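Undergrad: Generate coordinates for the sequence data below:
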Amino acid sequence: MSEGTEETIAEWTNLPEVILGNIFSYLPTVDRLCIGGVCKAWENAVHRPEVWECFDFSEKDVDEFGNDLDVLRSELFFSDFDGSISEAIVETYVGVIKQFGRSFRRVKILFRGRHSNRVLYTLSDCCLNITNLSVQRMQQNVQVVRNHDSSYRQAIHNIIQRNSKLEELYVRDIDNYAESQQKSPLPLGASHSYTIKELTIIQSFQYCNLGNFMYLVNLRELALEPHFLSYSLLYHLASRSLIKLHILAISKHMEFYNEALQDWQWQEIKKQGPKLRVHCLFRVGHEWTEKDIILKKEIPMKCLKYAKYHLLNYPVLTNLVCNYSSTLVEFIDFSHFLKSYELAQGNRSDRPEINRCILQIVLGCTLLRTLAVKEVLYSQNILFMLSANKNLDIFLREEQIEYSEFISDPMPYEEFDLISRSWVNFENFKFAVLHITNKHWNFYTEGSAMYENFVKKHFKLL
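TA: A predicted model of the protein is given here:
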């Protein structure tokens, strides 16, 4: 070993505890559980409060980590197991919560079975200073859900009620429609009035009265399923601080609004909150998500996103989308299912009409900055779109471009001569895009950084 290497190691082992603690705070929770056994200095550093401001518990990690008994014995120091491996791991998490729970600020819980209840109840007993809380139940088969111990729900209620410093709350899938429909109070109240700024509730508290939302006078961002929306709720929140509303139709069980908002009601809501913008995300295949049943003309729509398996009905949808010409920034029709793109590539007799509809959306919504579709687009039509809106980013797979001429309605395109001769192949097309937008054209492919960033940004609530 060289002298330089020895010096580097010496510097690392002699770092002050405060610096080691700051470094360790960026590690995953499972690594922080083990790292104290490396040396005395690290053991002291890992006991610093700032190391435990973030805490994550995932029952999936417990299962994966518990598959290797030798790893557990060497890294978690279990020489004897009184119960199952999973129980031993959970016991370690519980010990950390009891010791450092007062330091927790950002907590993320992904739970599934009865092992999680011990963790949840310990959190409810030991944590009082959480500012960011995310609680989600893992997906399970129908039989498991029916037999699931629902006592976790009370623990979650207790965690929320006891942490009056909450600023961000994300709760997902803690109810199931097959479970009891007894109403229980929403665990938000006067103590959260001035703290909560972001709130997401997805398939949770399904049968609660949402009147407690009225307390949240500083709420800036809210994500709900359509059946939770009501005129009185949105009117009140918009008059306070709400500027971003996510409407999420992602559950197959929800067919419709409980209270369908009308255009005059959206007008009144906008008067109360002129800065309010709506972000719609539709995953389920219900037809009403493509009609004016929900897509009212007066909604201040900023983002309209679809993640459906099937293709959209553009002849019906286009005029509705163009109603949002003064607010729409993102229009995305995206699916993880490869077959959706295969369907779009078929010999569709209405492909010219679909291309005209999508061009109409781009021309009508001048603020549009992001466009993603499942349809096959003509290369010349894409150039028309970019000529009309040079700030537009279009996300397409390579197989979604057909290098063909497209006859559109007469438009004063500045680069018409360039467009008229640049649609014939990819090289000409790429050159024209660079000339028109001063940006290089890129396709996205599944698994690429561009693809992952796109999904992470636009579909994080899925």
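
Undergrad: Which helix or which strand is home to residue 134?
TA: For residue 134, the enclosing helix or strand under DSSP states H and E is strand 132-137.

Undergrad: how distant is that strand from the center of its chain?
TA: Shown here is strand 132-137, whose average C-alpha point lies 13 Å from the average C-alpha point of the whole chain (C-alpha atoms, centre = their mean, to the nearest Å).

Undergrad: got a list of contacts for that strand?
TA: Defining contact as C-beta atoms under 8 Å, 6 or more residues apart in numbering, one finds that strand 132-137 is touched by 105-112, 152, 156, 159-160, 163, 166-174. The C-beta positions use only the backbone N, C-alpha and C, and glycine is treated the same way.

Undergrad: Report the buried members of the residues you listed.
TA: Among these, those classed as buried by 16 or more other C-beta atoms under 10 Å are 105, 107-112, 152, 156, 159-160, 163, 166-174.

Undergrad: what's the first-to-last distance across stretch 267-279?
TA: From its first residue to its last, stretch 267-279 covers 17 Å (C-alpha to C-alpha, to the nearest Å).

Undergrad: begin at 143 from here
TA: Done: numbering now begins at 143, and the last item shifts to stretch 409-421.

Undergrad: So which of the buried ones among the contacts of strand 274-279 are in helices?
TA: In helices, defined here by DSSP state H, the members of the buried ones among the contacts of strand 274-279 are 294, 298, 301-302.

Undergrad: Among those, name the least confidently predicted one.
TA: In this model, the minimum pLDDT among these belongs to residue 294 (83).

Undergrad: That one reaches residue 259, doesn't it?
TA: Yes - between residue 294 and residue 259 there is a contact at 5.3 Å, judged by C-beta atoms under 8 Å.

Undergrad: what about residue 377, distance to residue 302?
TA: Here the distance between residue 377 and residue 302 works out to 25 Å (C-beta to C-beta, to the nearest Å).

Undergrad: what's near enough to touch residue 535?
TA: Shown here is residue 535, whose contacts under the criterion C-beta under 8 Å, 6+ apart are 511-513.

Undergrad: 7 Å - rerun?
TA: If a contact means C-beta atoms under 7 Å, 6 or more residues apart in numbering, then residue 535 has 511-512 as its contacts.

Undergrad: list the contacts for residue 418?
TA: Applying C-beta under 7 Å, 6+ apart as the definition, the contact partners of residue 418 turn out to be 380, 384-385, 387, 411-412, 442.

Undergrad: now it, nearest residue through space, not along the chain?
TA: Nearest non-adjacent residue to residue 418, counting by C-beta to C-beta, 6 or more residues apart in numbering: residue 380, 5.0 Å away.

Undergrad: what's the helix or strand encompassing that neighbour packed up against?
TA: In this assignment (DSSP H and E), residue 380 forms part of helix 373-382. Here helix 373-382 is seen to pack against helix 405-414 when contacts are counted using 3 or more C-beta pairs under 7 Å, 6 or more residues apart in numbering; DSSP states H and E.

Undergrad: Helix 373-382 and the helix or strand just after the helix it packs on, what's the angle between them?
TA: Heading C-terminal from helix 405-414, the first helix or strand you meet, by DSSP H and E, is strand 419-424. Here strand 419-424 runs at an angle of 140 degrees relative to helix 373-382 (axes from the mean of the first three to the mean of the last three C-alpha atoms, to 10 degrees).

Undergrad: on that earlier part again, among the buried ones among the contacts of strand 274-279, which are in strands?
TA: If you go by DSSP state E, the buried ones among the contacts of strand 274-279 have 249-253, 310-314 in strands.

Undergrad: Out of these, the closest to residue 233 would be?
TA: Using C-beta to C-beta, residue 253 is the member of these that sits closest to residue 233, with 15.7 Å.

Undergrad: Tell me who's in contact with that closest one.
TA: Contacts of residue 253 by C-beta under 7 Å, 6+ apart are 201, 262, 279-280, 294.

Undergrad: swap in residue 270?
TA: Applying C-beta under 7 Å, 6+ apart, we find residue 270 in contact with 244, 304-305.

Undergrad: Mind putting those into JSON lines with pLDDT?
TA: Output for the contacts of residue 270, formatted as JSON lines (pLDDT from 0 to 100):
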{"residue": "244", "pLDDT": "93"}
{"residue": "304", "pLDDT": "92"}
{"residue": "305", "pLDDT": "94"}
